[in-house]
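>>> structure, please.
(chains A and B)
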There are 2 protein chains.
Amino acid sequence: MSNQERLLVNLAEVVGCCEPLVREPLSAAQSVELARVFKALGDPVRLRLLSLIASHEGGEACVCDLTGAFELSGPTISHHLKVLREAGLITGERRGTWVYYRVAPQVLQQLSDVLIPASAPVAEETSV
Amino acid sequence: MSNQERLLVNLAEVVGCCEPLVREPLSAAQSVELARVFKALGDPVRLRLLSLIASHEGGEACVCDLTGAFELSGPTISHHLKVLREAGLITGERRGTWVYYRVAPQVLQQLSDVLIPASAPVAEETSV
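The predicted structure is shown next:
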């Protein structure tokens, strides 16, 4: 099982797949799992990498496609890609010389769902 | 203008209010602004605080309502609340002895929208 598959399983298990965090208190376990992924997003370079990969032709990109957008060394870019990959936000597939990265849409969707500010009206008790 | 209002303005300005990050590459400025907010979410205690506040009766909570859920000191809880507040994720209003916190639904909505894995079909050019 790849890191990304494991992450999906973990996220689905702990957040009950997508219950908005405003609806009921997160458990300690849920919050640890979610915080790990948000922490990976909490860096400007990683956010840009994620965005560049997703919007690249065909929805995938190799390091060779990404380095031009940054004044950073190849190893630094690779480090950030590793963090994104370990958080389950991207997957990588080696083809020939390069590893090609794609975003993991299910993980983004789960995070997006968790943040929805659920504003379903609360039924008020009427005391007669 | 409060921190939260400033944040909303900033977020709206830099992310064009809610363009999914998978649709086109984030600029450096957009990524800095978004990373700041995701970084605030990248901590289990802060995620639980956010969730506890949002799901508390009336959608608001004071420190006195929150400390029981953690084995942490009051000042530590207050520090985390300050980080959430500075990131624009919650607002605080002093009433009497206590500051009452609420989540900022617009900020959550913007973050949620940014993460949507937009999968609108790309129109393919047909070469005749």
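
>>> which parts of stretch A:21-30 are buried?
A:Leu21, A:Val22, A:Pro25, A:Leu26, A:Gln30 (16 or more other CB atoms under 10 Å in any protein chain shown). Any C-beta I mention is one placed from the backbone N, CA and C, and that applies to glycine too.

>>> the third one touches B:Leu52, doesn't it?
Going back to what we said before, that points to A:Pro25. Yes: under the criterion of CB atoms under 8 Å, A:Pro25 makes contact with B:Leu52 at 4.9 Å.

>>> now the common contact residues for these two.
B:Ala69 (CB atoms under 8 Å, 6 or more residues apart in numbering or on different chains).

>>> look up how far chain B lies from the residue nearest the centre of chain A.
Most central in chain A under CA atoms, centre = their mean is A:Leu89, positioned 3.6 Å from the mean C-alpha point. Distance check for A:Leu89 against chain B: by CB to the nearest CB, to the nearest Å, it reads 10 Å.

>>> ok, that residue touching A:Ala40?
Yes: using CB under 8 Å, A:Leu89 is in contact with A:Ala40, at 6.0 Å.

>>> not counting sequence-adjacent ones, nearest residue to A:Val103?
Nearest non-adjacent residue to A:Val103, counting by CB to CB, 6 or more residues apart in numbering or on different chains: A:Ala54, 4.5 Å away.

>>> what's around that neighbour, how many residues?
The local packing of A:Ala54 (other CB atoms under 10 Å in any protein chain shown) involves 25 other residues.

>>> next one: the one 10 residues further on
Other residues within reach of A:Cys64, judged by other CB under 10 Å, total 11.

>>> can you pull the contacts of it?
For A:Cys64, the contact set (CB under 8 Å, 6+ apart) comprises A:Trp98.

>>> please tell me how far it sits from A:Gly74.
A:Cys64 sits at a distance of 9 Å from A:Gly74 (criterion: CB to CB, to the nearest Å).

>>> now do the strands in chain A.
For chain A, the strands defined by DSSP state E occupy A:61-62, A:90-95, A:98-103.

>>> make a markdown table out of these and add mean pLDDT, mean neighbour count and distance to B:Ile116.
Converted to a markdown table, these look like this (pLDDT from 0 to 100; neighbours: other CB atoms under 10 Å in any protein chain shown; distance: least, CB to CB, whole Å):
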| stretch | mean pLDDT | mean neighbour count | distance to B:Ile116 |
| --- | --- | --- | --- |
| strand A:61-62 | 95 | 22 | 20 |
| strand A:90-95 | 96 | 16 | 16 |
| strand A:98-103 | 96 | 20 | 12 |
